[in-house]
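**Q** Build me a structure from this.
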Amino acid sequence: MKEELIKKMLEISQEEQGYLDGSVLVNKELYTSENKFEIDRKRFLKEGRLITVRPHSRFIEFPAHRHNYIEIMYVCQGTITHYLDGKEVTMQKGDMLLLNQYVKHGVKRAEYEDIGINFIALPEFFDIPLQMLEENNILAEFLINTLRQNNPVSHYLVFRLEEDRAIENLMENMIVSMLNDEQNEDSINQYSMGIVFLYLLRHVDCLTQSSS
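**A** The predicted structure is shown next:
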């Protein structure tokens, strides 16, 4: 990724500074108003928008939690380790994780150089990417099960991409558009994500998925 984008994402947020100053627990008030730790999309997603991005907060271990949205994490630099199905899953630069809204997971403490970007998306964001996939495949199945709200099954996919340049460029473009709040970003990013998914189908041999 471009050096200026990495530099921007390396900036320490106010939340992260609190952890560096000695806070030993995740500041849950930033993520939810509920007693249970379910991260609320309303805290990050502007009204009327289908998707946004947020750098993963470093310098703290995230305990087990869920989201009321679809999450995609892309590792821009370093490593990010998740706890999924009772296993440690360490993602390297260029790897991608897709989580539906029923997955409960934790995240190991990330350090300064570890940059993961979280895509926070409503299920309907994936209507266009699903149409672009056309045929039955692992990604289409994941999206169909995700969009069926009456089928609450925990499911995730991890793609080991080995820094695929085409996917990296597409992810970079989406990140920049959302960070800059560009016009018509939802529609453009729906098609961009659809192209990313088509590229992901080339990497099904590097796929790990939940057993459920």
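**Q** C-alpha only now, for contacts and for neighbours.
**A** Fine.
**Q** So Ile175 lies in a strand, does it not?
**A** No - with DSSP: H, G, I helix; E, B strand; the rest coil as the criterion, Ile175 is assigned helix and is not in a strand.
**Q** what sits against it?
**A** Shown here is Ile175, whose contacts under the criterion C-alpha atoms under 8 Å, 6 or more residues apart in numbering are Val53.
**Q** pLDDT wise, what is it at?
**A** According to the per-residue confidence, Ile175 scores 95 in pLDDT.
**Q** can you give me the helices for this protein?
**A** With DSSP state H as the criterion, the chain has helices at 3-10, 14-20, 127-133, 138-147, 165-179, 185-200.
**Q** wait, which of those helices is closest to Thr79?
**A** Closest approach to Thr79 among the helices of the chain (C-alpha to C-alpha): helix 3-10, 13.8 Å.
**Q** about what we covered before: quick one, which of the helices of the chain is nearest to Leu157?
**A** When the helices of the chain are ranked by distance to Leu157, counting by C-alpha to C-alpha, first place goes to helix 138-147 at 8.3 Å.
**Q** what does that closest one contact?
**A** Contacts made with helix 138-147 from outside it, assessed by C-alpha under 8 Å, 6+ apart, are listed as 100-101, 123-124, 126, 130, 133-134, 151, 153, 155, 197, 201.
**Q** Just the mean pLDDT for that helix, thanks.
**A** 88.
**Q** With respect to Met91, which of the helices of the chain lies nearest?
**A** helix 165-179 (14.8 Å).
**Q** just the angle between the closest one and helix 185-200, please?
**A** Between helix 165-179 and helix 185-200, the angle comes out at 160 degrees (axes from the mean of the first three to the mean of the last three C-alpha atoms, to 10 degrees).
**Q** List the buried residues for helix 165-179?
**A** Within helix 165-179, the residues that count as buried by 16 or more other C-alpha atoms under 10 Å are 167-168, 171-172, 174-175, 177-178.
**Q** cool, and stretch 1-15?
**A** Within stretch 1-15, the residues scored as buried using 16+ other C-alpha under 10 Å are 9-10.
**Q** what distance separates it from the centre of its chain?
**A** Offset of stretch 1-15 from its chain centre (C-alpha atoms, centre = their mean, to the nearest Å): 17 Å.
**Q** Pull the residues that contact it.
**A** Outside stretch 1-15, the residues that touch it by C-alpha under 8 Å, 6+ apart are 27, 55, 57, 76, 112-113, 115, 168-169, 172, 176.
**Q** and these as a markdown table, adding distance to Gln209?
**A** Converted to a markdown table, the contacts of stretch 1-15 look like this (distance: C-alpha to C-alpha, whole Å):
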| residue | distance to Gln209 |
| --- | --- |
| Asn27 | 30 |
| Pro55 | 23 |
| Ser57 | 24 |
| Cys76 | 21 |
| Tyr112 | 28 |
| Glu113 | 27 |
| Ile115 | 22 |
| Glu168 | 21 |
| Asn169 | 24 |
| Glu172 | 25 |
| Val176 | 29 |
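**Q** No further queries at this time; thank you.
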